[in-house]
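Novice: whatever this is, show me its structure:
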Amino acid sequence: MVFNIEISVPILELNSEIEKCIIELGTKHHSISNYSFSEMENNNRINRNHFIYVFIFDEYNIKELEYFIKDIRKIKNTNIECLYEENITCKLIYASSYYLSTVDKDKVMMYHKRKRSYSEDETLLVNEIKGKKSYFIKI
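Specialist: This is a model prediction of the structure:
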């Protein structure tokens with residue numbers, strides 16, 4: 001089982017310094033893999049041109065993923081699009097409002113139902129994304 005986190009940066013705001021910083025944070029916090037792609041969408045409501053970074057962390061590295069989230073949130077113009085657990089199937093843990101607007105309505109309903117049944121680790125990560133203090137102490 002692994003956790004995937006997707007970070008977006010507007011293409012117009014992206015420079016080599018931001019890119020280097022994001023990649024170095026992944027290395028510093030022991031992500032097991034990463035890749036990136038561009039997302040360009042132009043419809044009536046939204047004009048979206050973003051670069052997406054995906055970092056993969058193993059299940060035994062939850063604390064490093066938490067620290068990674070904390071550090072990513074400090075970088076200007078970055079947005080955490082989603083966090084999901086990947087095993088045989090994907091289990092969406094966190095999704096931005098934009099991300100939810102791009103997926104099927106049944107997936108959105110499943111996500112909203114699931115928000116009520118987070119594990120301690122998932123709660124810790126979601127709280128970090130939202131900038132809330134965590135009250136779980138992991139030993």
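
Novice: is it correct that residue 76 falls within a helix?
Specialist: No - when DSSP: H, G, I helix; E, B strand; the rest coil is applied, residue 76 is found to be coil, with no helix at that position.

Novice: roughly how far apart are it and residue 65?
Specialist: Residue 76 sits 21 Å away from residue 65, taking Cβ to Cβ, to the nearest Å as the criterion. Any C-beta I mention is one placed from the backbone N, CA and C, and that applies to glycine too.

Novice: compare neighbour counts for these two and give me the winner.
Specialist: Remark: of residue 76 and residue 65, residue 65 carries more neighbours, 24 against 7, as counted by other Cβ atoms under 10 Å.

Novice: which neighbouring elements make contact with the lengthiest helix in the chain?
Specialist: Assignment by DSSP state H gives helix 16-28 as the longest helix of the chain. Other elements packing on helix 16-28 under the criterion 3 or more Cβ pairs under 8 Å, 6 or more residues apart in numbering; DSSP states H and E are strand 2-10, strand 47-58, helix 62-72.

Novice: can you tell me the closest non-neighbouring residue to residue 100?
Specialist: Leaving aside its chain neighbours, residue 100 sits nearest to residue 108 (5.2 Å; criterion: Cβ to Cβ, 6 or more residues apart in numbering).

Novice: you'd agree the one you found is up against residue 97?
Specialist: No - contact criterion Cβ atoms under 8 Å: residue 108 and residue 97 do not qualify, at 10.4 Å.

Novice: out of those two, which sits in the more crowded spot?
Specialist: The neighbour comparison of residue 108 against residue 97 (other Cβ under 10 Å) goes to residue 108, with 16 against 6.

Novice: tell me the secondary structure for the more buried one?
Specialist: Here residue 108 takes the helix state, with states given by three-state DSSP.
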